[in-house]
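Participant: I'll drop the sequence and a predicted model, then ask my questions.
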Amino acid sequence: MLTTTAAAAWLYLLALHGGYWRTGHRLPPAPRGPLPGVTVVIPARNEADMLPACLPSLLSQDYSGRLTVIVVDDDSSDDTAKVAAAIGDGPSAADLPGRELTVVATRPVPPGWAGKVWAMAEGVRAAGPEAEYILFTDADIAYAPGTLTRLARSAAAGDFAMVSQMALLRSASRWEKLLIPAFVYFFAQLYPFPRVSRPRARTAAAAGGCMLVRADALAAAGGLSRISGARIDDVALGRLLKQAGGRCWLGLTTEVTSERPYGRLADIWNMVARSAYTQLRYSLAATAAVVAGLAWLYLLPPAAAIAGLVMLGTGDSPASHTGSWLMVWLTGAGLAGWLVMALTYLPMVRLYRLSPLRAASLPLIAAMYAAMTVDSALRHLRGRGGEWKGRIIQPGNSSPG
C-alpha cells in the first residue's frame with residue numbers, strides 16, 4: 001500500500017538519511033593561532049537598501065588578520081555603489097585599523113556566464129593573487145561579532161577548501177514563519193549537511209550567503225570559470241571544490257543572519273519559483289516526478305490518517321472484518337508517517353523559535369512548495385523563468401563541467 005511505503009520512507013529519512021533533520025551540525029572548534037587574510041566579495045545588484053545591514057557588521061569585526069571588503073556593483077540601477085562607498089568612509093571602517101573597502105563595477109557579462117557568477121569572478125579578480133581566503137557573501141547577510149574569526153580559524157585548522165554556513169533567514173512575518181524554516185529543511189533534506197562535510201561522501205553543496213573559500217583551492221579546481229553558467233552558484237561551487245579533492249564543510253548557525261524581508265507570500269513564491277526548475281535541470285519529467293513524490297511523501301500520510309479517522313468515527317468503515325482491519329492499518333500507517341514527518345521538522349521549527357505545533361503543518365507547506373515548483377516550470381516555458389531584478393536568466397549549465 002502506498003500509505004505504508006510512505007510511512008516506511010519517513011522511517012528511513014529519520015534514521016538513515018544523514019541526520020539531515022538535526023540542527024546541531026555547527027562549526028567545528030579550532031585552536032587559537034594567527035589568522036589568515038580574508039577578502040570579502042559581495043556581489044550586489046540593486047542592494048542599496050540591504051548594504052547598511054551587511055557592511056557595518058563585516059567592517060566592525062574584531063579580526064586580527066588582514067580584512068578587505070570588495071563590493072561588486074552588478075550593473076545596479078540604484079545607488080548601490082554610492083551607499084557602499086559611503087559606508088566604507090564611515091565609522092565602521094575608520095574605527096578599526098587594517099580595514100579596506102573597495103567598490104568595483106562589473107564589466108559586461110560575457111556570453112555563457114550567469115550574472116552573479118560573473119560578479120563573483122570580478123570580485124576574485126579585484127582581490128588579486130595575494131588573496132588567501134575569499135568570503136563570498138550576499139548583500140543582505142549580517143555577521144555577529146567574532147563570527148569571521150571563528151570561520152577563519154576553523155577553515156585554517158581543518159585545511160578546508162570551503163567552510164559554509166547556512167544563514168538564519170528572517171522569520172518575522174506570517175508567511176516567513178510558515179514557509180522559511182521549511183525552505184532550509186528541504187534544502188537540508190536534498191543535501192544533508194553531515195554528508196556534505198564528510199570527505200568521502202559524494203554529496204556536495206554550500207549555502208551561498210556565507211562561503212569562506214581558500215583561494216588556492218579555488219584556483220586549483222579551475223576557478224569560477226568552471227561554473228560560469230551556474231544558476232545555483234552555491235551548490236555548483238561546492239561540487240566543484242569537492243570533486244577537485246577539497247575538504248568542504250556545511251552547517252547551520254545563528255550568528256550569520258539574513259536581513260532580507262519576505263513579508264508577502266508573493267516574495268517567497270518568486271524566490272522559489274525563480275530557481276526550482278533550474279534545480280531540476282529544466283526537465284518536465286523531473287518536475288512531474290518531484291511533484292508526484294511530494295504528494296506521496298508529504299500529502300498521502302495525513303490524507304490517509306484523516307480519511308481513516310473520519311470513516312472509523314462515523315461508522316463508514318467496511319463491514320467485513322478484513323476490511324475493517326485494513327482501514328485501521330491504513331489509518332495507523334498514515335498517522336505514523338505524519339508523526340515521524342513532524343518529528344523531523346520539529347528541530348528546525350525550534351531553531352527558528354516558533355511554536356512546536358507548527359511541525360504538524362509540513363504537509364500544507366510541502367503542497368505550497370509543490371505549487372511553486374510547477375509555477376517555476378510554467379514560467380520557464382513562457383520565457384520568463386529565472387527573472388531576478390530585471391534580468392532574465394536563461395537555461396545554462398549549473399554544475400562544474
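Facilitator: Received the coordinates, thanks.

Participant: How far away from the center of its chain is whichever strand or helix holds A276?
Facilitator: Using DSSP states H and E, A276 sits in helix 265-279. In terms of Cα atoms, centre = their mean, to the nearest Å, the centre of helix 265-279 is found 13 Å from the chain centre.

Participant: Which elements pack onto that helix?
Facilitator: helix 174-190, helix 362-381 (3 or more Cβ pairs under 8 Å, 6 or more residues apart in numbering; DSSP states H and E). (Each C-beta comes from the backbone N, C-alpha and C, glycine too.)

Participant: now the stretch 301-401 of the chain, which segments are flagged as low pLDDT?
Facilitator: 315-323, 385-401 (pLDDT under 70).

Participant: For the residue nearest the centre of the chain, which non-adjacent residue is closest in space?
Facilitator: The residue lying closest to the centre of the chain (Cα atoms, centre = their mean) is A207, at 4.6 Å. Nearest non-adjacent residue to A207, counting by Cβ to Cβ, 6 or more residues apart in numbering: M166, 4.1 Å away.

Participant: Who does that neighbour form a beta bridge with?
Facilitator: L252 (DSSP bridges).

Participant: what residues are up against it?
Facilitator: Each residue near M166 by Cβ atoms under 8 Å, 6 or more residues apart in numbering is listed here: 184, 187-188, 193, 207, 209-210, 250-253.

Participant: Switch the helices and strands packed on helix 265-279 over to a markdown table, and while doing so, append distance to L101 to every line.
Facilitator: Converted to a markdown table, the helices and strands packed on helix 265-279 look like this (distance: least, Cβ to Cβ, whole Å):
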| stretch | distance to L101 |
| --- | --- |
| helix 174-190 | 30 |
| helix 362-381 | 36 |
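
Participant: returning to what we had before: got the buried residues for the helix holding A276?
Facilitator: Residues of helix 265-279 classed as buried: 268-279 (neighbour count, 16 or more other Cβ atoms under 10 Å).

Participant: can you pull out the strands in the chain?
Facilitator: 38-44, 67-73, 99-105, 133-137, 141-143, 162-168, 210-214, 248-258 (DSSP state E).

Participant: hmm, who's touching the fifth one?
Facilitator: Contacts to strand 141-143, defined as Cβ under 8 Å, 6+ apart, come from residues 53-54, 57-58, 61, 167, 209-210, 255-259.

Participant: For PyMOL, write a command that selects the buried ones of those.
Facilitator: Listed next is the PyMOL selection for buried residues among the contacts of strand 141-143, using 16+ other Cβ under 10 Å:
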select buried, resi 53+54+57+58+61+167+209+210+255+256+257+258+259
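
Participant: For the closest residue to T373 other than its chain neighbours, give me the pLDDT.
Facilitator: Of all residues not flanking T373 in the chain, A276 sits nearest, at 4.5 Å (Cβ to Cβ, 6+ apart). Listed pLDDT for A276 reads 93.

Participant: Could you list the low-confidence segments of the protein?
Facilitator: 91-98, 315-323, 385-401.

Participant: Alright, I will stop here.
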